[in-house]
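*Asks:* sequence and predicted model, in that order:
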Protein chains: 2
Amino acid sequence: MEKEKVHGFVKESMPDAIEKLKEYLRFPTVSAQHKAIPETVDYVVKMIEDIGGETKVLGDLGGNPVVYGFFSAGSKGDASKTLLFYNHYDVQPPEPFDEWHTEPFEPTIVDGKLFARGVADNKGDLVARLTAIQILQQAEGGLPCNIKFMIEGEEEIGSPNLEPYLREYKDLFAADACIWEFGSKDEAERISMVAGIKGMAYMELTCVGAEIDMHSSVGAYVDNAAWRLVQALATMKNEQNEILVAGFFDGIEEPTDGEKEVVSQLPFDEGAIEELYGLKRPLITKAKGIDPRDAMVFHPTMTICGLVSGYIGEGAKTVLPKNAKAKMDCRLVPGQDPHHILACIQKHLNDHGFTDIQATMINGQRAYRSDYHHPFVAHVLDTARLVYDKEPVLAPNSAGTGPMFAFGEALQLPIVSTGVGWIGSKVHAPNESIRLDDFEQGVAHMVLMLSGFAAALSTEKEGAQA
Amino acid sequence: MEKEKVHGFVKESMPDAIEKLKEYLRFPTVSAQHKAIPETVDYVVKMIEDIGGETKVLGDLGGNPVVYGFFSAGSKGDASKTLLFYNHYDVQPPEPFDEWHTEPFEPTIVDGKLFARGVADNKGDLVARLTAIQILQQAEGGLPCNIKFMIEGEEEIGSPNLEPYLREYKDLFAADACIWEFGSKDEAERISMVAGIKGMAYMELTCVGAEIDMHSSVGAYVDNAAWRLVQALATMKNEQNEILVAGFFDGIEEPTDGEKEVVSQLPFDEGAIEELYGLKRPLITKAKGIDPRDAMVFHPTMTICGLVSGYIGEGAKTVLPKNAKAKMDCRLVPGQDPHHILACIQKHLNDHGFTDIQATMINGQRAYRSDYHHPFVAHVLDTARLVYDKEPVLAPNSAGTGPMFAFGEALQLPIVSTGVGWIGSKVHAPNESIRLDDFEQGVAHMVLMLSGFAAALSTEKEGAQA
């Protein structure tokens, strides 16, 4: 389809697409809190079937159901090629509620932005993809290739049950390439895509000092779980933000020169980032003399995501807390094993005398990088250039995480992630949003990408045979 | 009054006293949360007036009202002597609710124990004192001396407005001696009293890293308020529980040899304390080779009472928190100045590069010790011996805190604290309770103490004149 025709079709489809998205966003599908799962699954199935897709709801291997969707190529299409979309229907918890300017589960449009929990991560992307399919059906009388969906419901809690489904249903989900769930424009309005993903070891560190909270006057002789946890954490990362846990860096695969070159060319606007988040301190890469692009793509992290102990309400409560807890997220790079990370951290705690602190894994995932030189990667980039005003950006892997390793391993296919977010989307934070103009462009990109998909992959195979 | 007669009167008074106390406990008077203040004040006034006392509600100097109560000596009593009771009508927050086995504000008797927030600290003590007065009125036809009450409503938030009332109404509250609000039996069932109190510097340490919570993937280059706070706290107290803040120990008045001797004789049952709280680690005094009695009475503390940052709910939320907060309680000994402590801590933070962490005072109070050899002290001890089966214990000061310094300074009088708690009272924690037998003994002790009060003080004065 021509670029101009696509533009017209997309414009026309917007009112219905936005209504569909709003309805989807009203489900408070917080997987961490086990909320609204069955009704969201029903709605996802309905969205696919309403536009002629087949579905299967897979629940036999545990966890929240995985929705499989299938659309076959039209008579003019190439049924020998299949594109797989990976999405998730679950969202992050909306807390803290009092920082939202609109209701998190009552989607609200303000100044061309649609606000709701999950709109950028990742309900908006699913609706954009379904809308692209609908446009192709209407404009071309059928689809240019087979299209599959895998839509899971536990991404925000680390996809703990996804791997068995990928292994068991490997033929069902078989495809030639995969568009991953998310993406957004960066601070310079460039669409930012990735061909890989960081891994994760998300854990809880818990120190139990007593069976009950005590009056704080006993602090003269009773040990304090909060002090223990603070002292233990301080041995794991120093004031210069250097990770001090022995074995943490084991097995890391050095990036190739090609990957390093790509990363060195990635855009990164320090000032824009500082302003966006309202940062009070300089980037930590500055003091360490590191290129933040390298840190973003190639360096693992160790982040305290949460701390809680004792009294956290208003004013003073003079309590000596019975326990203290930290939630910690280590983002991993290819070669690191989350279970080895957990073991290293527990060993570090024990070796430093903190045998009273237990590290438990909440979510472990390995990192993944696609072959950066696959023609699918080039096709996604090329079609993005037709839609977006600025040169797109495609990094070897994201700074964020998802269950991409399991996909790559089970399905053996190239993966590129792109989506409808923007730099201010506030994914995982209050006031999450997408801009409707970005949503429109995201639909247009998927229309063009699907249109030329089969041809782009066939060219490659022929080239390879020649 | 004779011991046996007292016993009979007290027994008889119990049903009414317990009903009165239950009604008092139903007010959720949480000063930190500004709850139920006016209705509790009305009820306190009613309790005093119902048994013939005069009252004044003082509110002209700010804060929650201070209730003044007055009962004059009967015709057979000595109107030249006045005993002052200090109590407070406010209570600690009940949180965490889910750890209570009964409703915190629905007083419930189980196995001879009365459970409710504030029953031990300190609503039970006020009702015990009023019951003793009622018994003396009924049994003797009048009171043996003048009795005053000062009942404030901000003790649990550090009595921030009490000092002006004491200064302004110094004549109204003038007395010869004071019984302080609280006390309890220790692990060996000895009534445990104090003639002084530790001070307090309760503060909040706040680190703000950004204006919004961020996706934790940015941890590769964005600094983290939670890590900053952890690193800063770890510089303030080491793993051996030694306080490292320069100036913290400035001005401490060395205890006298007499005080040291008394403290070395205090009971302290380590095993019982470990069992009571379900401690997972040995007492910190053990590793430091310190007598826990000394630590309890003579050593200042630095206790983390609360930690909060980022996501503290169930499961994983991959957030890089915008801020982090610690609540910290330093218990002070005579000579330490809470404002100097605050200044030392802020200077320590700044000197260690943590200028992004702000320390703010929530509650500052100096420590106080009465003259341990005053005849009032001896009289309280002697009358306790008549009531309690085991030898009473009276320490130079408590490990806990209250606004005693302001009393001692404004009113110049000896102060002894005693009350109706037990070792398992769980003051400031869920499932606070008193035992009804202790309550009964507490009433009996106050009857006997008031009976002989004027004579005990007169003897002293005559002796002094001789």
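*Replies:* Structure's in. What do you need?

*Asks:* if I look at residue A:297, how far off is residue A:333?
*Replies:* Using Cβ to Cβ, to the nearest Å, one gets 8 Å for the distance from residue A:297 to residue A:333. Bear in mind the C-beta positions are built from the backbone N, C-alpha and C, glycine included.

*Asks:* what touches both of these two?
*Replies:* residue A:397 (Cβ atoms under 8 Å, 6 or more residues apart in numbering or on different chains).

*Asks:* now do the SS call for residue A:227.
*Replies:* Here residue A:227 is recorded as helix under DSSP: H, G, I helix; E, B strand; the rest coil.

*Asks:* which SS state does the residue of the stretch 101-250 of chain A found nearest chain B fall under?
*Replies:* In the stretch 101-250 of chain A, the residue that lies nearest chain B is residue A:211 (2.7 Å; Cβ to the nearest Cβ). Here residue A:211 is recorded as coil under three-state DSSP.

*Asks:* burial count for the nearest residue to it once chain neighbours are set aside?
*Replies:* Closest residue to residue A:211 apart from its sequence neighbours, by Cβ to Cβ, 6 or more residues apart in numbering or on different chains: residue B:278 at 2.7 Å. Burial of residue B:278 is recorded as 13 neighbouring residues (other Cβ atoms under 10 Å in any protein chain shown).

*Asks:* try the one 10 residues further on
*Replies:* The number of residues packed around residue B:288, counting by other Cβ under 10 Å, is 14.

*Asks:* same thing with residue A:127?
*Replies:* Residues lying near residue A:127 (other Cβ under 10 Å) number 26.

*Asks:* gap between stretch A:374-382 and the chain center?
*Replies:* Centre-to-centre, stretch A:374-382 and its host chain are 21 Å apart (Cα atoms, centre = their mean, to the nearest Å).

*Asks:* in it, what counts as buried?
*Replies:* Within stretch A:374-382, the residues scored as buried using 16 or more other Cβ atoms under 10 Å in any protein chain shown are A:374, A:375, A:376, A:377, A:379, A:380, A:381.

*Asks:* look up how far residue A:361 lies from residue A:379.
*Replies:* Residue A:379 is 37 Å from residue A:361, by Cβ to Cβ.

*Asks:* also residue A:47?
*Replies:* Taken as Cβ to Cβ, the span from residue A:47 to residue A:361 is 34 Å.

*Asks:* look at those two and report which has more neighbours.
*Replies:* It is residue A:47, of residue A:47 and residue A:361, that has more neighbours when counted by other Cβ under 10 Å, with 22 against 19.

*Asks:* list the contacts for the more buried one?
*Replies:* By Cβ under 8 Å, 6+ apart, the residues touching residue A:47 are A:20, A:24, A:126, A:127, A:130.

*Asks:* thought the fourth one was touching residue A:14?
*Replies:* No: with contact defined as Cβ atoms under 8 Å, residue A:127 does not reach residue A:14; the gap is 10.9 Å.

*Asks:* max-length helix in chain A?
*Replies:* In chain A, ranked by residue count with DSSP state H as the criterion, the top helix is helix A:436-465.

*Asks:* now that one: how far from the chain's centre is it?
*Replies:* 22 Å.

*Asks:* shaky segments in the stretch 151-300 of chain A?
*Replies:* For the stretch 151-300 of chain A, no stretch is flagged by pLDDT under 70.

*Asks:* now the strands for it?
*Replies:* Assigned by DSSP state E, counting those that start in this stretch, the strands in the stretch 151-300 of chain A fall at A:177-180, A:184-185, A:191-194, A:196-197, A:199-208, A:214-215.

*Asks:* let me have the ones you listed in CSV, adding distance to residue B:154 and mean neighbour count as columns.
*Replies:* As requested, these are exported to CSV (distance: least, Cβ to Cβ, whole Å; neighbours: other Cβ atoms under 10 Å in any protein chain shown):
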stretch, distance to residue B:154, mean neighbour count
strand A:177-180, 57, 26
strand A:184-185, 50, 24
strand A:191-194, 54, 26
strand A:196-197, 54, 28
strand A:199-208, 33, 24
strand A:214-215, 18, 24
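
*Asks:* mind putting those into CSV with distance to chain B?
*Replies:* Listed next are those as CSV, based on distance: least, Cβ to the nearest Cβ, whole Å:
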stretch, distance to chain B
strand A:177-180, 15
strand A:184-185, 11
strand A:191-194, 11
strand A:196-197, 10
strand A:199-208, 5
strand A:214-215, 5
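
*Asks:* show me the contacts for residue A:57.
*Replies:* A:41, A:45, A:65, A:66, A:67, A:68.

*Asks:* which of those residues come close to chain B?
*Replies:* Residues of the contacts of residue A:57 in contact with chain B (Cβ under 8 Å from any Cβ of the partner chain): none.

*Asks:* quick one: secondary structure of residue A:334?
*Replies:* Of the three states, residue A:334 takes coil under three-state DSSP.

*Asks:* now it. Its backbone dihedrals?
*Replies:* When read as degrees, to the nearest 10, the backbone of residue A:334 gives phi -50, psi 130.

*Asks:* quick one: it and chain B, what's the gap?
*Replies:* Distance of residue A:334 to chain B, computed by Cβ to the nearest Cβ, to the nearest Å: 15 Å.

*Asks:* what does residue A:311 give?
*Replies:* Taking Cβ to the nearest Cβ, one finds residue A:311 at 4 Å from chain B.

*Asks:* care to break chain A down by domain?
*Replies:* Chain A breaks down by automatic domain parsing into domains covering A:3-197+A:367-465, A:201-252+A:300-365.

*Asks:* before we move on, back to that, do you know how far the residue nearest to residue A:211 is from residue B:422?
*Replies:* Residue B:278 is 17 Å from residue B:422, by Cβ to Cβ.

*Asks:* check residue A:32 too.
*Replies:* 41 Å.

*Asks:* can you check residue A:351 too?
*Replies:* From residue A:351 to residue B:422 the distance is 42 Å (Cβ to Cβ).

*Asks:* neighbour-wise, which of the two wins?
*Replies:* A direct count of neighbours by other Cβ under 10 Å for residue A:351 and residue B:422 places residue B:422 higher, at 21 against 12.

*Asks:* isn't that one right up against residue B:185?
*Replies:* Yes: contact criterion Cβ under 8 Å: residue B:422 and residue B:185 qualify, at 4.8 Å.

*Asks:* any shared contact partners between these two?
*Replies:* residue B:438.

*Asks:* what residues of stretch A:418-432 count as buried?
*Replies:* Neighbour counts over stretch A:418-432 (16+ other Cβ under 10 Å) mark A:418-432 as buried.

*Asks:* and it, average pLDDT?
*Replies:* Averaged across stretch A:418-432, the pLDDT comes to 94.

*Asks:* what's the first-to-last distance across it?
*Replies:* By Cα to Cα, to the nearest Å, the extent of stretch A:418-432 from end to end equals 17 Å.

*Asks:* now check it, is it near chain B?
*Replies:* Yes: contact between stretch A:418-432 and chain B, assessed by Cβ under 8 Å from any Cβ, occurs at A:426, A:427, A:428, A:429, A:430.

*Asks:* widest-spaced pair of the residues you listed?
*Replies:* Greatest spatial distance in those: A:427 and A:430, 11.0 Å, computed using Cβ to Cβ.

*Asks:* the residue of the stretch 101-250 of chain A closest to chain B reaches residue B:274, doesn't it?
*Replies:* No: using Cβ under 8 Å, residue A:211 is not in contact with residue B:274, being 10.5 Å away.

*Asks:* residues contacting the residue lying closest to residue A:269 once chain neighbours are set aside?
*Replies:* Distances taken as Cβ to Cβ, 6+ apart place residue A:187 nearest to residue A:269, at 4.6 Å, with adjacent residues excluded. Counting by Cβ under 8 Å, 6+ apart, residue A:187 touches A:267, A:269, A:272, A:273, A:276, A:423.

*Asks:* drop anything exposed from those.
*Replies:* Of the contacts of residue A:187, these count as buried by 16+ other Cβ under 10 Å: A:273, A:276, A:423.
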